[in-house]
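> Sequence and predicted structure are below.
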Amino acid sequence: MSTEVLDATMKSLINEDLLEESLAISWHGAEPLAAGLTWYHDAFARVAKFLDEKVHVTHIFQTNGTLITDDWCRFFIQHGAQVGVSMDGSERQNAARVNWAGRPAHRLAMRGIERLNRHAIPWTLLSVVTHETMSDPDAFIRFVRESGCRSLGFKVEETNVAHKSNLEEAADVERLYGAFARAVWRAFPPEGPLPVREFQDYISARRSTVKTQVLPVTLIPLRNLTVAINGDFTIFSGELLFRQDSRFVFGNVLTGPLTDSLKTDRFKAISAEILAGVRRCAARCSYYSDCGSFYISQKHAETGSFDAEETLACRLEIKTLFRSLDTMFGDATY
């Protein structure tokens, strides 16, 4: 990302009154650390120049861990940045993650993790649950315990614009994922020292005395703004912004206001299609209040349309996980 694109994004957020009291900037996509420390020193200074005294800014890095050095750790500490590391479990379970040369990246990532731990940086492990992972939850649990992470999030290998999930054709995937979720719950219960994002969401839904409706960020235009290195942006889900695929690009920060995107025919057509899919979920899915039709990019990737209902991701991450944990407690209440 050029400084011109970064500056234009900050100016648009300010001039169009799109800021609230806090702003989370997530440096994500490919490998964000590849831009180098020099670039980030300048980028953070530019963000501070525009936004200091206006909003509280939190910087979040989602990295594969391979490029983390002691200097990076000092930078994270200096700026209070949050760090997430993408790894999927043991070396065997993490085999799909490779470097630019196509070689396994696991050992390089572990060196990065060791540096985070040595500097006492509280980092989050974010894992993709593949068929390999859910078939051996014990190996995954051992990895998590030994990694030194301070919190955990996991999501199934899903189909999106960049990838077709192998789970779509896997046999017995619901039973395997349910057993995996229960095993991870037993290993890392809510009262334990390691917070698990998925279990916190489950508890929040089950402990609520009043049934409330989730409104996911993927349905709120510009709430989940994602800007590419060339300034192109998408306004619903970052997963819709992929390489040379321009179908879901709503504009460019260098050529006009962000809110102009809400006046375009593309926005009107896509938002109408998304809302049609939401209505389908609301009418037919008993888990709608817990999900809110969150998985819009997966709908389009699996069916070619946002006007769709169940996806592989929602079937496993919401329906199967909730049913599996409900079974553990009998009365569907935790």
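Perfect, thanks for sending it.

> Now find how far off-centre stretch 162-171 is within its chain.
Stretch 162-171 sits 19 Å away from the centroid of its parent chain (Cα atoms, centre = their mean, to the nearest Å).

> residues of it that come out buried?
Ser165, Leu167, Ala170 (16 or more other Cβ atoms under 10 Å). (Glycine included, C-beta is placed from N, CA and C.)

> of those residues, closest to Thr259?
Distance to Thr259 across the buried residues of stretch 162-171 (Cβ to Cβ) is lowest for Ser165, with 34.7 Å.

> which phi and psi does that closest one have?
Dihedral pair for Ser165: phi -70, psi 140, per degrees, to the nearest 10.

> quick one: contacts for Leu51?
By Cβ atoms under 8 Å, 6 or more residues apart in numbering, Leu51 lies in contact with Met10, Ile14, Leu19, Leu23, Val57.

> Most neighbours among those, which one?
Within the contacts of Leu51, most neighbours by other Cβ atoms under 10 Å means Met10, with 20 neighbours.

> Nearest spatial neighbour of that one, chain-adjacent residues omitted?
Closest residue to Met10 apart from its sequence neighbours, by Cβ to Cβ, 6 or more residues apart in numbering: Phe50 at 3.9 Å.

> Check the contact between that neighbour and Ser12; I expect there is one.
No. Taking contacts as Cβ atoms under 8 Å, Phe50 lies outside contact range of Ser12: 10.4 Å.

> Could you check which of those two is surrounded by more residues?
Higher neighbour count among Phe50 and Ser12: Ser12, with 22 against 16, using other Cβ under 10 Å.

> contacts for the host helix or strand of that one?
Ser12 belongs to helix 3-15 when elements are defined using DSSP states H and E. Helix 3-15 has contacts (Cβ under 8 Å, 6+ apart) with 18-19, 23, 42-43, 46-47, 50-51, 54, 227, 229-231, 253-254, 257-258.

> out of the contacts of Leu51, who's nearest Pro193?
Of the contacts of Leu51, the one sitting nearest to Pro193 (Cβ to Cβ) turns out to be Val57, at 28.5 Å.

> if I look at that closest one, how far off is His79?
Separation of Val57 from His79 (Cβ to Cβ, to the nearest Å): 9 Å.

> Arg223 - how many residues pack around it?
As a burial measure, Arg223 scores 14 neighbours (other Cβ under 10 Å).

> and it, backbone torsions?
The phi/psi pair for Arg223 (degrees, to the nearest 10) reads phi -70, psi -30.

> got the contact list for it?
Counted by Cβ under 8 Å, 6+ apart, Arg223 has contacts Val217.

> in the stretch 51-200 of the chain, which spans are strands?
Assigned by DSSP state E, counting those that start in this stretch, the stretch 51-200 of the chain shows strands spanning 56-63, 82-86, 124-129, 151-156.

> Show me the one of the ones you listed that comes nearest Trp100.
That would be strand 56-63 among these, by Cβ to Cβ, at 14.4 Å.
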